[in-house]
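Student: predicted model follows, preceded by the sequence.
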Amino acid sequence: MNTRKDIRNVAIIAHVDHGKTTVVDSLLKYAGQFKVKQDEAQEAVLDSNPIERERGITILAKCTSVKYKDYTVNIVDTPGHADFGSEVERVLKMVDGAILMVDAVEGPMPQTRFVLRKALALGLRPIVVVNKMDRENARPSAVVDEVFELFMELGADDKQLDFPILYASGREGWASDKMEERGTDIKPLFDAIIKYVPEPEADETKPLQMQVTMLDYNNFLGHIGIGRILNGSVSKGDSVVLLKNRGGSVPAKAVKIEKFLGLGKTETESAKAGDIVAISGLEGVDVGDTVCHPDNPVPLPPLSIDEPTISMDFFVNDSPFAGREGKFLTSRHLKARLEKEAQTNVGLKVEQLEGEGRFKVSGRGELHLTILIENMRREGFELAVSSPEVIYKEENGKILEPMEYLILDITSDMQGAVFELVGTRGAKLENMVSEGENRLRLEYVIPSRALIGFKNEFLTSTRGKGIMHHSFYGYYPKVDVPPLRSNGVFIAKEAGETTAYAINSLQDGGQLFVGPGVKVYEGMIVGQNSRDNDLVVNPNKTKRLSNMRSKAADDALLLTPPRIMSLEQAIEYIAPDELVEITPTSIRLRKKILNIHERRRANRKEEGEGEE
């Protein structure tokens, strides 16, 4: 078996916010790949996407490479959220080892289980790093025990169970192999990578074979395939053949070859087995395709990619306010943007629906789709989206639906309210653990659709003190879940500008989403009714003028602040007959059919068809 002794390929896997990207920062800094002054301007340097920096999560897997002693260490930072699981799965195929990062206070969490399961299934032997040792209530020995139990639970073999352990603080930039000793720098982690991560199997004498595990796109160079060369070598300008994941082959040319170095890429004339490279000029390349030598086209085993579990309909914005705030409005713009996203975002599927400007976009979860919408919004797009729907499967005559593994961390006094909330959503309690004097950890299996809108209600029930995490669990028989929104909405009767007088009279009957002086249109949702029926209201009504002076009475109006929703909250809130209108500056809720008479006609027609 031939190997490359000078290379180590390793992925960093962990739950969201357990410090992967911060530890990568420390490794880069130690290897001299960026200066401290630069780092002061931005922490988590690999989180290059603005949304990643704002939310503190990694969305896209990223490669970086550093020189340590005589070795090239290729490090891949992976997302921790299950919605981006398709990224994790593919990235682990490129590496020979993994660093499993676990928070010294929180211990293993749902996504830790999710990413570790994938690593163990591929036969990797992880190095466990107990991170955030600088935190006040760090409990490293208990966390190591929990990690060992998790390995056992997930069916790790004897070699995987004998995992090396390090203790670290990514923020302070140190690692140590002794629990009670604070390290001075991150060097012990580099040494562990060299010692425990196997050398990559590679034979450069064989014909070229490279599986594409990540995609990129460049306006000048076209499609870029990123992956690890398993066998052979490739030089700039070489003719290659793409063996498609679904069968068939396409001739291509290696226009440009780049290796990763620090925070960027560096162009190289050639690359050989064991290297992780980006090859430009592979027109029509997909994840899972094998890049081969034309004389010896032998495909590598196909990659299995997690199927989407949730879909949403994207529409061209046709509200009366369309075109006022965005730059890209037409069906052509929307189609081109979604198709471009589908080229690099592998977990995403886009299909055009009947009618002009309607697309069905399917993804791995709500977060997966809302990140795309937020990016489009920042780019200047205007669009409307429907409520999320789960994607069902049929097997042996049974309808199956996606389920999630949900972990709730709450204080004991909130137990009753949380049990009641979860009980109405078809959840099944799997485990209940007491943590400390007054904290409980509840573990449930719950339908994915029951989690739509759950977060807000959970935070309200726990007065903001509850912590929740969930990850995809699998497809199971469909369960009954009652309608998740029990309240109707206030719908604006006509276009105009809201007034304090009208809002004051409406606020006793529900909760308003708009304040005074806001422009609204017919069919726009302006609030939530305290009852279960929709109500058409006039939020623009002005006070009738009379010869009686009542200035003091006008001044005395006490208005409750409106409920302002974020993009995620708005998408979770809407019913199937409603849309969220999204522009670069506004988020509005509206009915699909704006006119009240047309809406009633459509409802009557639906009821008639239902009776038949």
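Tutor: Noted; the coordinates are in hand.
Student: tell me the SS of the closest residue to A502 other than its chain neighbours?
Tutor: In space, and not counting its chain neighbours, A502 is closest to K541: 4.1 Å by Cβ to Cβ, 6 or more residues apart in numbering. In this view, the C-beta of every residue, glycine as well, is placed from N, C-alpha and C. Secondary structure assignment for K541 (DSSP: H, G, I helix; E, B strand; the rest coil): coil.
Student: list the contacts of the closest residue to Q352 other than its chain neighbours.
Tutor: Excluding the flanking residues, the one nearest Q352 by Cβ to Cβ, 6+ apart is F359, at 5.7 Å. Going by Cβ atoms under 8 Å, 6 or more residues apart in numbering, F359 touches 313-315, 334-335, 338, 350-353.
Student: which among those count as buried?
Tutor: Buried by 16 or more other Cβ atoms under 10 Å: 313-315, 334-335, 338, 350, out of the contacts of F359.
Student: which residues touch the residue nearest to A502?
Tutor: Counting by Cβ under 8 Å, 6+ apart, K541 has contacts 499, 501-502, 505.
Student: tabulate these (JSON lines), appending distance to D162.
Tutor: Shown next, in JSON lines, are the contacts of K541 (distance: Cβ to Cβ, whole Å):
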{"residue": "T499", "distance to D162": "71"}
{"residue": "Y501", "distance to D162": "73"}
{"residue": "A502", "distance to D162": "70"}
{"residue": "S505", "distance to D162": "71"}
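Student: re earlier: for the residue nearest to A502, give its distance to Y71.
Tutor: 73 Å (Cβ to Cβ, to the nearest Å).
Student: can you list phi and psi of the residue nearest to A502 for me?
Tutor: Dihedral pair for K541: phi -60, psi 130, per degrees, to the nearest 10.
Student: R588 too?
Tutor: According to degrees, to the nearest 10, R588 has phi -120, psi 150.
Student: contacting residues for the residue lying closest to it once chain neighbours are set aside?
Tutor: In space, and not counting its chain neighbours, R588 is closest to E581: 4.3 Å by Cβ to Cβ, 6+ apart. Taking Cβ under 8 Å, 6+ apart as the contact definition, E581 lies against 317, 319, 321, 382, 384, 587-590.
Student: list the buried ones in the biggest strand by length in the chain?
Tutor: Longest strand in the chain by number of residues (criterion: DSSP state E): strand 398-411. Residues 401-411 are the ones in strand 398-411 that count as buried (16+ other Cβ under 10 Å).
Student: pLDDT on that strand, on average?
Tutor: Here strand 398-411 scores 87 as its mean pLDDT.
Student: what pairs with that strand, parallel or antiparallel?
Tutor: strand 393-395 (antiparallel), strand 439-447 (antiparallel), strand 467-477 (antiparallel) (DSSP bridges).
Student: quick one on the thing from earlier: now, which of the contacts of F359 lie within strands?
Tutor: 313-315, 350-352.
Student: need those residues in a markdown table with distance to L535 and pLDDT, can you?
Tutor: Shown next, in a markdown table, are the ones in strands among the contacts of F359 (distance: Cβ to Cβ, whole Å; pLDDT from 0 to 100):
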| residue | distance to L535 | pLDDT |
| --- | --- | --- |
| D313 | 26 | 94 |
| F314 | 29 | 95 |
| F315 | 25 | 93 |
| V350 | 37 | 91 |
| E351 | 36 | 91 |
| Q352 | 36 | 90 |
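Student: contacting residues for V241?
Tutor: V241 neighbours (Cβ under 8 Å, 6+ apart): 249-252, 291-294, 297.
Student: in JSON lines, list those residues along with neighbour count, secondary structure and pLDDT.
Tutor: Shown next, in JSON lines, are these (neighbours: other Cβ atoms under 10 Å; DSSP: H, G, I helix; E, B strand; the rest coil; pLDDT from 0 to 100):
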{"residue": "S249", "neighbour count": "15", "secondary structure": "strand", "pLDDT": "84"}
{"residue": "V250", "neighbour count": "14", "secondary structure": "strand", "pLDDT": "87"}
{"residue": "P251", "neighbour count": "10", "secondary structure": "strand", "pLDDT": "89"}
{"residue": "A252", "neighbour count": "23", "secondary structure": "strand", "pLDDT": "88"}
{"residue": "V291", "neighbour count": "27", "secondary structure": "strand", "pLDDT": "91"}
{"residue": "C292", "neighbour count": "22", "secondary structure": "strand", "pLDDT": "91"}
{"residue": "H293", "neighbour count": "19", "secondary structure": "coil", "pLDDT": "89"}
{"residue": "P294", "neighbour count": "14", "secondary structure": "coil", "pLDDT": "89"}
{"residue": "P297", "neighbour count": "16", "secondary structure": "coil", "pLDDT": "87"}
